[in-house]
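In: structure here, sequence nowhere to be found:
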């Protein structure tokens, strides 16, 4: 579906741009307006087809993904303070803190334990 939308947009752009190249600016503006309208209609149609799937997936995102992202946000003070994830040869994935990031001070519990 994604490929079909891309091909449709490209075909529409080429169909409008080729004749517009030989015409004045008002025709170009009109052609670009039509291209924008066509793109909007394609996007609306795509969203209408995707709406049932998105509604079906909503509970999963609310129950699983959102709490996970919130917890990651609590653990990672600022995402820009970390480098891109790296996969080790044994399959582990690590996310290193950037060398220029401000010093991280972990929270220490009453019993002196640090949650990792």
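Out: Happy to help now that I have it. Bear in mind that the values here come from a model prediction, so they are computed numbers and not experimental data. Numbering: from 1, shown residues only.
In: where does the residue lying closest to residue 86 once chain neighbours are set aside fall, phi/psi-wise?
Out: Closest residue to residue 86 apart from its sequence neighbours, by CB to CB, 6 or more residues apart in numbering: residue 94 at 5.4 Å. Just so you know, the C-beta spots here come from the backbone N, C-alpha and C atoms, and that holds for glycine as well. Comment: the main-chain dihedrals of residue 94 come out as phi -120, psi 150, following degrees, to the nearest 10.
In: buried sites along the helix or strand hosting residue 55?
Out: Remark: residue 55 resides in helix 25-60, with elements defined by DSSP states H and E. Applying a neighbour-count criterion of 16 or more other CB atoms under 10 Å, one finds 31, 35, 38 buried in helix 25-60.
In: quick one: average pLDDT of the helix or strand just after it?
Out: Later in the chain than helix 25-60, the nearest helix or strand by DSSP H and E is helix 66-75. Summarised as a single mean, pLDDT over helix 66-75 is 83.
In: got the angle between helix 66-75 and helix 25-60?
Out: Taking axes from the mean of the first three to the mean of the last three CA atoms, to 10 degrees, helix 66-75 and helix 25-60 form an angle of 100 degrees between their directions.
In: I figured residue 106 was touching residue 114, is that so?
Out: Yes - counting by CB atoms under 8 Å, residue 106 sits close enough to residue 114 to count as a contact (4.9 Å).
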